[in-house]
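*Asks:* when you get a sec, could you give me coordinates for this:
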Amino acid sequence: MQSNTRSLQTFRDPAGSLHIENGRVFRTVSPPYAEVVLGFIRSDVGARWVASGRLVSTAVKSWQEDGAVLLEHERIPFSSYPWEWTPGQWGAAGNLTLDLCEELLDLGLILKDATPLNILFDGPRPVFVDVSSVEKRDPANPIWLAYAQFVRTFLLPLAASKYLGWPLSAYLQRRDGYEPADLYPYLPTFRRWSWPLRSLVTLPYLLENRKDMRTSALEGRWKKTPDLATVMLRHTLRSLRKTLRSLLPENMHSRWSGYPESARHYCEEDQVAKKEFLRRALLMTKPKTVLDLGANTGIYSRLAASHNARVVAWDSDVSACQASWRIAHAEKLSIQVVVADVARPAPAVGWRNAESLSLLDRADSQFDCVLMLGLLHHLLLSDQIPLSEVARLTRDLTRNWLIIEWVPRSDPRFIEILRGRDALYGFLNEDIFLNAFLNYFSCVLREPLTNGRILFLLKAI
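*Replies:* Residues are numbered from 1 along each chain as shown. Predicted structure coming up:
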């Protein structure tokens, strides 16, 4: 499912392991679980989910002597992790998990775990990829054993984001999510007892040391008739869906989420000229894959997608990314939104830093064209990244083309960010910019705008 050529392997699931090598994705399913997993993949539900794009396509490669089965999954073009998602993407992934769990009940199956790490995004659409999470269920058990994990890994991170302002990116360090005790001390009293935090945080926190709450399920006191158990499970899933919906923000605003509409340094003529240049460059280069760095709300991502490119759109502003994802999702555009700071990209994490690849490892040489529009001066002045380093990064990311915008030192935004540091950065000009980038690219097109900014189409050498 990962597109990078670097080797990656998972090993936490007793049902098997995932191995990614040279862009091919293999899963070994252990003997006790292989029959169930294959039964699901070959079922009408599994086939329907694959056809709709909600479940990764899977082929059986071989059976091993011990009864294990080797599967190969279709590769998802670009993988992103939960710490790089918008709240809307979290909600879509959570709903996908609940949808699958509910449909599995008709097959006598259930999900044994419920974590956002089971999900990847293909464009704006979530795809369930961990087929080994499917197992047989006890027909008399009305309890979803993965309920607590769904709360920890989906609902509590969203609650912490909505009510406490904790970034969803903090999930990077919380592989199995939050506990109620993590949130409880920071919530005001009135909030603790309001819905949905009363049931998500307060009551579990106050009751966590009661022995009867910990052991009653194990003692079998909650067994029901199969029909009643199924009804109760469906009610649980509906309740989780309602809570999930309540934790998603209706509207998100930030300094940057309205930037395209409020940018005073761009007159309508320049906006039209910029889009026309991009159209011309896209028609000339015909990229199949595009990376939009500093994509903001996705205006230029959508333009690239309209030219039949598969677009990955990075931006560090969550509100802008949320707006971009909502449009792409609603209009079914081939745009995958990633919450990412180019200057501080997500690192490799997990055991020995080998369970989840870094953002740059996943992106290395994966794109036919990179867009860097209105971003370069931020990297130079705010993040203090040398021109030579920015040029080298863009060359690492693109296989062929770079469309970039140079912002001169006379530009109002340049002056605003400069903040009196003329001695450090006031010398920057177009010649210095070109000298840095022409070490890696040749110039194909140059288009000056009336506001002084200059657009370039560069070809990798």
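
*Asks:* my read: Y205 touches P180, true?
*Replies:* Yes. Between Y205 and P180 a contact is recorded at 4.2 Å, counting by C-beta atoms under 8 Å. For glycine as for every other residue, the C-beta is placed from the backbone atoms N, C-alpha and C.

*Asks:* so for those two, which sits in the more crowded spot?
*Replies:* More crowded of Y205 and P180, by other C-beta atoms under 10 Å: P180, with 21 against 18.

*Asks:* who are the neighbours in contact with that one?
*Replies:* For P180, the contact set (C-beta atoms under 8 Å, 6 or more residues apart in numbering) comprises 156, 200-202, 204-205, 208.

*Asks:* filter those residues down to the buried ones.
*Replies:* Among the contacts of P180, the ones that count as buried by 16 or more other C-beta atoms under 10 Å are 156, 200-202, 204-205.

*Asks:* nearest to I385 among the residues you listed?
*Replies:* L156 (35.3 Å; C-beta to C-beta).

*Asks:* next structured bit after the helix or strand that contains that closest one?
*Replies:* According to DSSP states H and E, L156 maps onto helix 156-164. Sequence order places helix 180-183 as the next helix or strand after helix 156-164, per DSSP H and E.

*Asks:* quick check: mean pLDDT of that following helix?
*Replies:* The average pLDDT for helix 180-183 rounds to 97.

*Asks:* phi, psi of T289?
*Replies:* Per-residue torsions, T289: phi -130, psi 130 (degrees, to the nearest 10).

*Asks:* what's the local residue count around it?
*Replies:* 21.

*Asks:* now it: how far from D122?
*Replies:* 13 Å (C-beta to C-beta, to the nearest Å).

*Asks:* what touches both of the two?
*Replies:* Here T289 and D122 share the contacting residues P77, scored by C-beta under 8 Å, 6+ apart.

*Asks:* contacting residues for the nearest residue to S132 once chain neighbours are set aside?
*Replies:* Leaving aside its sequence neighbours, S132 sits nearest to A15 (C-beta to C-beta, 6 or more residues apart in numbering; 4.2 Å). Applying C-beta under 8 Å, 6+ apart, one finds that A15 lies in contact with 29-30, 32-33, 37, 112, 132-133, 135.

*Asks:* please parse the chain into its domains.
*Replies:* 8-73, 82-246, 259-460 (automatic domain parsing).

*Asks:* okay if I get the buried ones among the contacts of P180 as JSON lines plus distance to V349, secondary structure and pLDDT?
*Replies:* Below are the buried ones among the contacts of P180 laid out as JSON lines (distance: C-beta to C-beta, whole Å; DSSP: H, G, I helix; E, B strand; the rest coil; pLDDT from 0 to 100):
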{"residue": "L156", "distance to V349": "19", "secondary structure": "helix", "pLDDT": "98"}
{"residue": "L200", "distance to V349": "26", "secondary structure": "helix", "pLDDT": "97"}
{"residue": "V201", "distance to V349": "26", "secondary structure": "helix", "pLDDT": "97"}
{"residue": "T202", "distance to V349": "31", "secondary structure": "helix", "pLDDT": "97"}
{"residue": "P204", "distance to V349": "27", "secondary structure": "helix", "pLDDT": "95"}
{"residue": "Y205", "distance to V349": "28", "secondary structure": "helix", "pLDDT": "96"}
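
*Asks:* so which of those residues comes closest to M284?
*Replies:* L156 (48.6 Å).

*Asks:* my read: the closest one touches G177, true?
*Replies:* Yes. Using C-beta under 8 Å, L156 is in contact with G177, at 5.8 Å.

*Asks:* can you pull the residues that touch both of those two?
*Replies:* Between them, L156 and G177 share no contacting residue, judged by C-beta under 8 Å, 6+ apart.

*Asks:* check what pLDDT the closest residue to K286 other than its chain neighbours gets.
*Replies:* Among residues not flanking K286 along the chain, H307 sits closest, at 7.7 Å (C-beta to C-beta, 6+ apart). pLDDT for H307: 97.

*Asks:* now do the SS call for H307.
*Replies:* coil (DSSP: H, G, I helix; E, B strand; the rest coil).
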